[in-house]
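K.L.:
Okay, sequence plus prediction incoming.
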Amino acid sequence: MYAWLPVLLALAVVFVNGWTDAPNAIAAAVASNALSFRRAALLAAVCDGLGAAAAMTFWPVVADRMWALAGLANSPQPMASLCAAFGAVVLWAAAAWRFGIPTSESHALLAGLAGAALARPDGLRSLEPSAWAAAGWGMVLSLLLGAGLGALSLSLLNAAGLPAPLLRRGQVALTALAAFLHGAQDGQKCAGLLLFTLPAGGPLSPRQAAVLCAAVMALGALLGGRPIVEKVGRRLVALRPASALASDVGGCAALLVCTLAGLPVSTTHAKTAAVAGAGWSDGKPVDRTVWRELALTWLFTFPGCALLAFLLARIPRLLSI
């Protein structure tokens, strides 16, 4: 049973990613009534799988960087570190979901890996500075690009004067693209770490691991993603068809740039920033209470998850297990 614990925890992380992160890809389309929640979630499930499989096959840079971030290659007990990191992510995500706050499972996972690494004897020496620099750049760029491109896209769409039916069809296409890029980012990270938990030459190929992660992620989105969609798509800022499409354009562009650059980024950050940028450009007030909740959650995700992972990693030693 213990041999399968890392695998089960890895799949639990994938599930909570669908719970609290994947719904950001469909929030604007659902809020503007371009798609129903169920149809959007099913579309996202298919495209998540395609994105994860394509990334793992042709561009696995993000997955490779996740291993470097955790120092797994040089760790004497990599599975114990992974279990602590995965456990911290699940606990943090469940608490955030309880309050309907979209957390970044990407950054929760980074924080968990860092906290678990600090609990090892080699501590900070096990962490790869260049990989962490890439993660930091990805965090900054995803927010700036999402907000800036969301605002710019709305200006271009307003100038084009597209009719509402065409805007909604564009949203369906971009929702599919956002889910594909979410799979290329988060699905790739999860599939890469899932493969690491399995024995060499194990039962899953990279593509199969990616498809399995997408299926579990989709289940999480279908079962628990609606509160996140409501908060980001409707409560954060009022979206009309044009601003909803602009937020999809901005979020997708930010994810695409960062993924091609091999930077681990968060769909939550890119898409939420794009929604706020498009809404602000449309003259709609951003709900400060919701934005404050999001900002505080993002601010405390790293220290909170890192501390949880550190404590979980230290428990076996304290109990002399």
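P.N.:
Received it, and whenever you're ready, just let me know what you need. Numbers count the residues shown, from 1 in each chain.
K.L.:
what stretches of the stretch 151-300 of the chain score poorly on pLDDT?
P.N.:
For the stretch 151-300 of the chain, applying pLDDT under 70 flags the ranges 200-202, 224.
K.L.:
mind running it again at 80?
P.N.:
183-193, 195-196, 198-208, 210-211, 214, 217-228, 259, 262-264 (pLDDT under 80).
K.L.:
At which residues are the helices of it located?
P.N.:
Assigned by DSSP state H, counting those that start in this stretch, the helices in the stretch 151-300 of the chain fall at 164-182, 188-197, 206-224, 226-230, 241-260, 267-281, 288-318.
K.L.:
out of those helices, nearest to residue 129?
P.N.:
For those, proximity to residue 129 was assessed by CB to CB; helix 288-318 is nearest, at 16.6 Å. All C-beta spots, glycine's among them, are computed from the backbone N, C-alpha and C.
K.L.:
report the angle between the axes of the closest one and helix 267-281?
P.N.:
170 degrees (axes from the mean of the first three to the mean of the last three CA atoms, to 10 degrees).
K.L.:
Deepest-packed of the helices of the stretch 151-300 of the chain, please.
P.N.:
helix 267-281 (a mean of 29; mean count of other CB atoms under 10 Å).
K.L.:
What is the distance between that one and the centre of its chain?
P.N.:
Its chain's C-alpha centre and that of helix 267-281 lie 15 Å apart, by CA atoms, centre = their mean, to the nearest Å.
K.L.:
Same question for stretch 205-218.
P.N.:
How far stretch 205-218 lies from its chain's middle: 15 Å, per CA atoms, centre = their mean.
K.L.:
Residues in contact with it: which ones?
P.N.:
With CB atoms under 8 Å, 6 or more residues apart in numbering as the contact definition, stretch 205-218 has outside contacts at 11, 14-15, 17-18, 22, 41-42, 44-45, 48-53, 55-57, 60, 183, 186-188, 190-191, 194-195, 204.
K.L.:
Neighbour count says what about those? Which are buried?
P.N.:
With burial judged by 16 or more other CB atoms under 10 Å, the buried subset of the contacts of stretch 205-218 is 11, 14-15, 17-18, 22, 41-42, 44-45, 48-53, 55-56, 60, 183, 186-188, 190-191, 194-195, 204.
K.L.:
what is the orientation angle of the strand or helix carrying residue 133 with helix 267-281?
P.N.:
Element membership of residue 133 [criterion: DSSP states H and E] is helix 129-160. With the same axes, to 10 degrees as the basis, helix 129-160 and helix 267-281 are set at 30 degrees to each other.
K.L.:
And helix 129-160, what's buried?
P.N.:
131-132, 134-135, 138-139, 141-143, 145-154, 157.
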